[in-house]
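*Asks:* Quick one, structure for this:
(chains A and B)
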Amino acid sequence: MHAPRRKAFNSINAASLARWIAITAALALTGLIYVYLTLQLHDLGDRTKALENDLTSLRAQNEVASVQIAALTSRSAMQRRLKEGYLKMIPISEHNIVRLGAPARPPGEDAVQSVANQRAGR
Amino acid sequence: MKWNSRIRCALVCLGFTALFSTFSFRLIYLQMIKHDEYAGLAAEKHVYKQAIYAERGSILDANNEVLAHNAPVETVVADATHLNNREVLIPLLRDALKIPAGELSEKLEGNRRYIVLKREVPEAVAVALKGKLRAQNLRGIYFERDSTRIYPNGPMLCHVIGFTDFEHRGIQGVESSMEEYLHGQDGYRYIEHNRAGQEMVLYRGQERTPRNGYQVRLTIDLNLQNIVENEIDAAMREYTPQKATIILMRPQTGEILAMANRPNFDLNQRSEAKPEQMKNRAIIDMMEPGSTFKIVSAAAALNEHKVRPDTTIFCENGLWNFGGRPLHDHRAYADLSVRDILVKSSNIGAAKLAMSVGDQKFYEYIRRFGFGERTGIELPGEIGGVIRPPQFWSKISITRIPMGHEVGVTPLQMTSAMATIANGGKLVTPRIVKSITTEEGKAVSTFSPVVLRQVISPETAAQIGNALRGVVSDQGTAASAAVPGFAISGKTGTAQKVDPKGGYEHGKYVVSFSGYLPSEHPEFVGLVVLDDAHTTKPELNYGGLVAGPIFSRVAEKAARYLDLEPHEELGKSPVAGRVALTDASRR
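*Replies:* Now for the predicted structure:
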């Protein structure tokens, strides 16, 4: 007589399965985050480079402008404009000049300093 | 023996173990033992050391006006292996860079990877060209950032500023002498490229930021320089001399306020200049100074108490035979005081003054005034002049050297000697650099006045100064050097030109005037030298008649600019108002 046939079931350890799924998901998420952050870093790098290029370009434009300003305000340019009649020089009449004496030089500019009080050196 | 399944299985496992162990060991060998070697090889392929160039410092005048600075430019280069459409590219480059198509085709032939197409391409042109290349998807053309030196004032102050070479290294003037400060320090960065040749910013390695060059501030005042430049140009037109030099110096500090030479050249077109135009004659040209040198013999005799200013010396009625050779004065003088020897510029009187102190002592005074050695100014190529020691003098040297013959001095040495008289007998080192600062204006180094030595006593200097006031009077040789409203001390010089073949050139003279203003509190010392000036009549070719008036014009305008108050009793200045810029062409 045959014993009643029991259906063979492979039992699933739900807790273990859930643990593995969680671990796998976490690993996958970590991987994805890693890839995402790496791409972000590359993107930031590209933006940094673009900004650096912009900055360099702006600096170059600034330098070009400085050169133009220096050229236009240089002594020879002013004199040329004076000759061409674009500028006019008006002499300052004597009564309009107020003489204030020698301007004070910042200390340390030259070793020889004038002393206002003659007694100071005695 | 019969192989059962268990043994076969074990052997297969062993085989696999051995195989993977071999792989593992190889991996360990490559990754750990050979790591540095292979990492280096990989880095060589992908990692580059990118230079970050420092910017050259600017040169400024005493009032911070720009004399030299940088303009960004680009160098256009090509990689022939990357070119994708030469037919379209060549006409485009031809129009943008103004290079003939034939030359371009020749350059782009073959497979060279680095071809310089054009240097110093202006930034605007480079930007436009980049846009066109991008729009037409043309590859193989690259742009390298560079800079070029710009001198906004062109020829003004060219000998002092100097210029740089192809590699941005100073080779003349302040550009050369201040190279270590102006040059700066280049930086670098290690970068990695991807396959497309683009930088991967994420993998940037070690980096060192560049340090830009320092700013060099000169003692030159561009307003005074402008006055001097205009007057020297006017003198060139009027007298057409071979060479000319004007120097202005502040005696108390040795600061050079202005320095101009002719012939000159445009700093922005220096490649077209001839070597003769590039010489800073104020420091590298030697001349026989003529009578301006008499201040040395008079100073020596007075300082040694051999004579007093009112001591009279017999001047042999204009002709003195000494050592078998005649010595002339331009007029027949009998007895002249020491003061009048300077005022009348007597050669015989000056010779007798030098003889009163003796060869050796006179030579010592010449050297103490700074002749025969470099002044030490911060400019390259300065010469020391030629002063022979007494053992090499001829019998008549003691009569010729006091009148400025048989010696070779530079215009700067002569200015410095006159400044010694103006400065109470103190010899101060001439200097052209005021300070060195960072871009932000923080001082890196400041140059203080250097008093080299007390050459003569203040009393002797005052006595010489008083005598030199007489030179610029109706009785003196340089009445036309006077400036209304100011007392001037000065000395004229007229020396026959030395012939390189020996002897002197007939009818050719080096005329000069050196003086300071105001006599009582000198604000500046000036020197005017004209080599082989052409006057309407040969008898007019004298220092007092040619160089004196030039000094007068320079001094008057300089005094106005420096706001020196004229003395009422010395006459009012004829020109009303202050003039900052002169127009020499009006004369």
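*Asks:* does residue 11 belong to a helix or a strand, and which?
*Replies:* In the absence of a named chain, this looks at chain A. Using DSSP states H and E, residue A:11 sits within no helix or strand.
*Asks:* not quite, I wanted chain B
*Replies:* Residue B:11 belongs to helix B:5-28, assigned by DSSP H and E.
*Asks:* and that helix, what does it pack onto?
*Replies:* Counting contacts by 3 or more Cβ pairs under 8 Å, 6 or more residues apart in numbering or on different chains; DSSP states H and E, helix B:5-28 is packed against no other helix or strand. Every residue, glycine included, has its C-beta placed from N, CA and C.
*Asks:* average pLDDT across the helix or strand that that helix is followed by?
*Replies:* Toward the C-terminal end, the helix or strand that comes next after helix B:5-28 (DSSP H and E) is helix B:35-46. Taken as a whole, helix B:35-46 has a mean pLDDT of 85.
*Asks:* Residue B:188 - that's part of a strand, no?
*Replies:* Yes - with DSSP: H, G, I helix; E, B strand; the rest coil as the criterion, residue B:188 is located in a strand.
*Asks:* That one: how many residues sit nearby?
*Replies:* 17 (other Cβ atoms under 10 Å in any protein chain shown).
*Asks:* For the stretch 51-200 of chain B, just list every one of the strands.
*Replies:* Here the stretch 51-200 of chain B has its strands, by DSSP state E, counting those that start in this stretch, at B:59-60, B:66-78, B:115-122, B:141-150, B:187-192.
*Asks:* near chain A at all, the first one?
*Replies:* No - for a cut-off given as Cβ under 8 Å from any Cβ of the partner chain, strand B:59-60 has no contacts with chain A; the smallest distance is 10.7 Å.
*Asks:* quick one on the thing from earlier: now that we have the strands of the stretch 51-200 of chain B, can you turn them into TSV and tack on mean pLDDT?
*Replies:* Listed next are these as TSV, based on pLDDT from 0 to 100:
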stretch	mean pLDDT
strand B:59-60	95
strand B:66-78	92
strand B:115-122	91
strand B:141-150	89
strand B:187-192	89
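*Asks:* Would you reformat those as CSV and include distance to residue B:339?
*Replies:* Converted to CSV, those look like this (distance: least, Cβ to Cβ, whole Å):
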stretch, distance to residue B:339
strand B:59-60, 44
strand B:66-78, 43
strand B:115-122, 60
strand B:141-150, 51
strand B:187-192, 65
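*Asks:* Just name the most buried of these.
*Replies:* Most buried of the strands of the stretch 51-200 of chain B by mean neighbour count (mean count of other Cβ atoms under 10 Å in any protein chain shown) is strand B:59-60; its value is a mean of 24.
*Asks:* Run me through the strand neighbours of it, direction for each.
*Replies:* Paired strands of strand B:59-60, with direction, are strand B:66-78 (antiparallel), strand B:215-218 (parallel) (DSSP bridges).
*Asks:* Might you report the residue contacts of residue 41?
*Replies:* No chain specified, so I'll use chain A. Counting by Cβ atoms under 8 Å, 6 or more residues apart in numbering or on different chains, residue A:41 makes contact with residue B:202.
*Asks:* Likewise for residue B:171?
*Replies:* B:162, B:163, B:164, B:165.
*Asks:* From those, which one has the minimum pLDDT?
*Replies:* Among the contacts of residue B:171, residue B:165 has the lowest pLDDT, at 90.
*Asks:* could you measure residue B:17 against residue B:96, distance?
*Replies:* Note on residue B:17: its distance to residue B:96, by Cβ to Cβ, to the nearest Å, is 68 Å.
*Asks:* who has more neighbours, these two?
*Replies:* A direct count of neighbours by other Cβ under 10 Å for residue B:17 and residue B:96 places residue B:96 higher, at 19 against 10.
*Asks:* who's in contact with the closest residue to chain A within the stretch 101-250 of chain B?
*Replies:* Per Cβ to the nearest Cβ, residue B:201 is where the stretch 101-250 of chain B lies closest to chain A, at 3.0 Å. Residue B:201 makes contact with A:44, A:45, A:46, A:48, A:49, according to Cβ under 8 Å, 6+ apart.
*Asks:* cool, and residue B:30?
*Replies:* Applying Cβ under 8 Å, 6+ apart, the residues contacting residue B:30 are residue B:38.
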